[in-house]
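Enquirer: using only what follows, build the 3D model:
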Amino acid sequence: MMKKSLFISVFILMIYSACNQSNKSVDASNPFFTEFGTPHGAPPFDRIKTGHYKPAFLKGMELHTEEIEVITNNPEKPTFENTIVAMDESGNLLNRVAGVFYAMTSAMSDSVIQAIESELSPLMTEHNDNTYLNEKLFARIKTIYEDPASANLTTEQKMLLEKYYKDFVRSGIALDANQKERLREINKELGLLTIAFGEHLLAETYGYQLVIENKDDLSGLPADVVDGASQTAKKKGLDGKWVFTLSKPSWEPFLQYADNRDLREKLYKAMYNRGNNNNSHDNKDIIKKTVNLRIEKANLLGYKTHADFKLDETMAKTPANASKLLDDIWKYALPQAKKEREELQKLIDRENGNFKLQSWDWWYYAEKLRQEKYSLNEEETRPYFKMENVRDGAFEAAHKLYGISFKELKDIPVYQDEVKVFEVSDADGSHIGMIYLDYFPRPEKRNGAWMGNFVEQTVYKGTLVHPIIYNVGNFAPPSNDTPSLLTLDQVETLFHEFGHALHGLLSKCNYLSISGTNVYRDFVELPSQINEHWAFHPEVLKIYAKHHKTGETIPDALIEKIQKASAFNQGFMTTELVAAAILDMKWHTLESPLNEDVETFENKAMNEIGLIPEIIPRYKSTYFSHIFDGGYSAGYYSYLWSEVLDADAFHVFEEKGIFDPETAQSFRENILSKGGSDKPMELYHRFRGADPNPDYLLINRGLKN
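Expert: Numbering: from 1, shown residues only. All right, here's what the predicted structure looks like:
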């Protein structure tokens with residue numbers, strides 16, 4: 001994923017049924033039409049059938065429309081309670097089914113789910129437009145927004161009021177009739193393009209396989225990687241062969257260890273040509289249409305570019321501010337990447353390779369160089385990172401920081417057998433929420449890792465609603481007698497997504513729309529990225545890093561190697577990350593429609609910043625799901641913006657102790673529990689007492705002393 005994981009926003013789910021608001025009959029067998037009646041309101045996956053989704057969506061939209069009409073036509077004077085709170089508490093059935101369904105479109109996306117999503121997309125878009133282009137409803141909101149008495153609202157209430165007001169404005173409420181009609185058309189088309197992009201990428205990712213028949217071609221690969229490829233082959237009816245796919249746990253170790261350079265090139269090119277094969281799953285035309293529609297939409301709403309529109313509601317505020325951060329980091333990252341390139345080329349030359357380093361060689365020779373410089377072989381570390389141990393390590397770190405505890409619940413229905421569910425309790429034993437963990441790849445699951453919500457924390461009519469969170473990943477699955485053993489990057493990813501989960505679990509907000517992870521895009525990665533810092537801290541490693549066979553705690557010598565190598569290859573990793581963020585910004589600062597070819601545009605953009613040919617952007621355009629399928633358009637810079645915050649924030653823990661109770665409590669109270677109930681920098685100042693120091697990011701990455 002992103003070095004940081006991909007965070008995916010889904011529709012929220014409430015646990016109260018709205019079915020009694022209509023006299024029209026509903027299908028009693030559809031579990032969405034009644035309260036679930038499960039422990040803690042968990043989705044009843046044992047009763048939910050694919051055929052339940054569409055009827056529940058249709059009924060949910062119908063009921064929500066009725067609720068909006070009641071709010072809109074309320075004869076009483078508009079107030080915060082009868083308008084803003086009423087809106088925030090509306091749409092329960094719709095949110096209930098959407099929370100489950102949109103989780104499945106990412107984790108269990110078969111052809112039937114995809115067809116339902118495509119059918120529902122224009123209906124949902126129209127429904128949302130009907131709400132946010134409702135002039136009479138906006139008039140009520142505007143009255144409250146402009147009422148001097150609103151100054152007496154709490155900070156959280158002011159944030160909610162401002163959010164609704166701006167949501168209507170940014171949705172086009174001020175446009176004339178013709179402009180609104182065009183906006184509706186654009187929204188529908190963009191919704192379908194987004195779905196098509198994701199479906200194409202999923203098909204391209206799992207539609208390719210590298211079949212190896214000659215055992216000699218496996219030279220250099222670790223035994224468990226070979227075993228995993230054999231198991232994949234068996235599942236595909238190719239006994240006696242080995243299959244590698246474009247799932248990251250498959251292609252990455254192949255590039256890292258396989259001695260056969262030609263096969264590395266073949267698999268690598270298949271990976272970076274996803275969506276760019278001029279077939280039925282090609283994404284280039286989708287990208288061009290998407291970018292041009294986003295420009296038109298931004299212009300309709302009074303913005304020069306899509307990036308200007310998107311960043312207006314972020315900490316960065318403007319594309320110029322986001323780009324300045326990227327440029328500042330680029331000045332350090334690219335020279336370091338060039339030094340690393342020279343080191344790798346010297347290694348090739350010493351081995352009489354007689355060829356120039358190419359992008360498909362980088363992983364392989366970087367791994368060799370790491371072993372040479374630090375005597376650190378990832379195959380030496382993986383036996384200590386059994387997935388279950390890493391997971392429990394993340395749990396224990398959260399327990400030591402925030403006092404919370406985790407207990408597996410085996411009687412909760414799940415949507416796939418490998419999914420595990422845990423109850424989360426506070427230090428006093430009170431129930432906080434639940435978390436579902438879904439960690440292994442499968443053909444119907446998209447690549448990457450993410451967090452989402454079946455239920456978001458809120459207070460509904462005076463009753464606390466507990467969150468139900470999920471973390472999804474694509475880690476190396478177990479094979480034969482070998483458990484799932486994680487790479488260093490996968491360990492970091494697990495801690496990252498769990499940081500997002502903590503943000504959702506520990507929320508203590510009164511209103512749904514600003515609870516949990518409903519914060520600015522360039523602030524949402526702070527909780528996830530700061531949590532990564534605990535993953536490899538020696539004190540934490542001693543807790544969870546146990547050899548999967550012997551139970552031996554990871555030795556100090558190996559911890560020291562991991563620490564010394566922490567900044568290794570950071571020129572490469574930072575350069576590919578920043579290059580992707582710049583590519584995103586290049587796409588979305590276009591002021592006029594794109595006429596040239598997608599590849600031409602991308603190559604020109606990367607040439608302009610001097611990206612060396614041995615490195616490609618972390619995501620090339622045709623599989624850049626963050627910006628064309630994941631809500632991060634003009635927002636991929638957010639990982640680095642948030643990293644400025646997380647690097648600075650963790651410095652406080654380093655100064656006072658990584659489990660210092662006072663610091664942890666402050667972070668929980670001022671960041672994790674607050675959601676979007678106040679401006680992000682206000683929340684950060686309450687924790688830190690000062691602006692973040694951007695130098696800590698560069699220092700942590702080894703780019704500055």
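Enquirer: hang on, Asp62 is in a strand, isn't it?
Expert: One correction, residue 62 is Glu, not Asp. No - according to DSSP: H, G, I helix; E, B strand; the rest coil, Glu62 belongs to no strand; its state is helix.
Enquirer: per-residue pLDDT, it?
Expert: Per-residue confidence (pLDDT) for Glu62: 98.
Enquirer: same question for Ser479.
Expert: You'll see Ser479 listed with a pLDDT of 85.
Enquirer: got phi/psi on it?
Expert: For Ser479, the backbone dihedrals are phi -150, psi 130 (criterion: degrees, to the nearest 10).
Enquirer: was I right to think it contacts Asp227?
Expert: Yes - with contact defined as C-beta atoms under 8 Å, Ser479 reaches Asp227; the gap is 4.8 Å. From N, CA and C alone the C-beta is placed, and that goes for glycine too.
Enquirer: what is the longest helix anywhere in the chain packed up against?
Expert: The residue-count maximum for a helix in the chain (DSSP state H) belongs to helix 319-350. Using 3 or more C-beta pairs under 8 Å, 6 or more residues apart in numbering; DSSP states H and E as the contact criterion, the neighbours of helix 319-350 among helices and strands are helix 306-311, helix 362-374, helix 570-588, helix 638-656, helix 695-700.
Enquirer: try 6 Å
Expert: helix 362-374, helix 570-588 (3 or more C-beta pairs under 6 Å, 6 or more residues apart in numbering; DSSP states H and E).
Enquirer: what inclination does that helix have with respect to helix 570-588?
Expert: Orientation of helix 319-350 against helix 570-588 (axes from the mean of the first three to the mean of the last three C-alpha atoms, to 10 degrees) gives an angle of 140 degrees.
Enquirer: winner for burial among the helices and strands packed on helix 319-350?
Expert: Greatest average neighbour count among those goes to helix 570-588 (a mean of 24), per mean count of other C-beta atoms under 10 Å.
Enquirer: can you list contacts of it?
Expert: The contact list for helix 570-588 (C-beta atoms under 6 Å, 6 or more residues apart in numbering) reads 3, 291, 306-307, 323, 326, 329-330, 333-334, 336-337, 340, 605, 609, 611, 615, 617-619, 627, 633-634, 636-637, 701-702.
Enquirer: now which of those would you call buried?
Expert: 3, 291, 306-307, 323, 326, 329-330, 333-334, 336-337, 340, 605, 609, 611, 615, 617-619, 627, 633-634, 636-637, 701-702 (16 or more other C-beta atoms under 10 Å).
Enquirer: tell me the contacts of Tyr637?
Expert: Neighbouring residues of Tyr637 by C-beta under 6 Å, 6+ apart: 322, 326, 581.
Enquirer: where does it land on pLDDT?
Expert: Reported pLDDT for Tyr637: 98.
Enquirer: over to Asn377?
Expert: Looking at Asn377, the pLDDT reads 89.
Enquirer: what's the single longest strand in the chain?
Expert: In the chain, assigned by DSSP state E, the strand with the most residues is strand 431-438.
Enquirer: what pairs with the helix or strand following that one, and is each one parallel or antiparallel?
Expert: Remark: after strand 431-438, the chain's next helix or strand is strand 450-455, criterion DSSP states H and E. When pairing is defined by DSSP bridges, strand 450-455 lines up against strand 468-472 (antiparallel).
Enquirer: in the partner strand, what's buried?
Expert: By neighbour count on 16+ other C-beta under 10 Å, the buried set for strand 468-472 is 468-472.
Enquirer: make TSV out of those and add distance to Glu126 and pLDDT.
Expert: Output for the buried residues of strand 468-472, formatted as TSV (distance: C-beta to C-beta, whole Å; pLDDT from 0 to 100):
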residue	distance to Glu126	pLDDT
Ile468	29	98
Ile469	30	98
Tyr470	28	98
Asn471	32	98
Val472	29	98
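Enquirer: partners of the longest strand of the chain, with directions?
Expert: strand 420-425 (antiparallel), strand 468-472 (parallel).
Enquirer: hmm, Glu367 is touching Gln256, no?
Expert: Yes - assessed by C-beta atoms under 6 Å, Glu367 is found in contact with Gln256 at 4.9 Å.
Enquirer: which pLDDT value goes with the closest residue to Leu202 other than its chain neighbours?
Expert: Leaving aside its sequence neighbours, Leu202 sits nearest to Arg446 (C-beta to C-beta, 6 or more residues apart in numbering; 5.5 Å). On the pLDDT scale, Arg446 is placed at 94.
Enquirer: kindly report the same for the one 5 residues further on.
Expert: On the pLDDT scale, Met451 is placed at 98.
Enquirer: repeat for the one 10 residues further on
Expert: Reading off the per-residue confidence, Lys461 sits at a pLDDT of 91.
Enquirer: what's the residue nearest to it when sequence neighbours are not counted sitting at in phi/psi?
Expert: In space, not counting the residues next to it along the chain, Lys461 is nearest to Glu89; the distance is 6.9 Å by C-beta to C-beta, 6+ apart. Backbone geometry at Glu89, expressed as degrees, to the nearest 10, gives phi -100, psi 0.
Enquirer: tally of neighbours for Arg423?
Expert: Residue 423: Glu, not Arg. 18 (other C-beta atoms under 10 Å).
Enquirer: which of the three states applies to the residue nearest to it when sequence neighbours are not counted?
Expert: With sequence-adjacent residues excluded and distances taken as C-beta to C-beta, 6+ apart, Glu423 is closest to Lys407, at 4.9 Å. Using three-state DSSP, the structure places Lys407 in strand.
Enquirer: okay, now Lys407: neighbour count?
Expert: Using other C-beta under 10 Å, the number of residues around Lys407 comes to 11.
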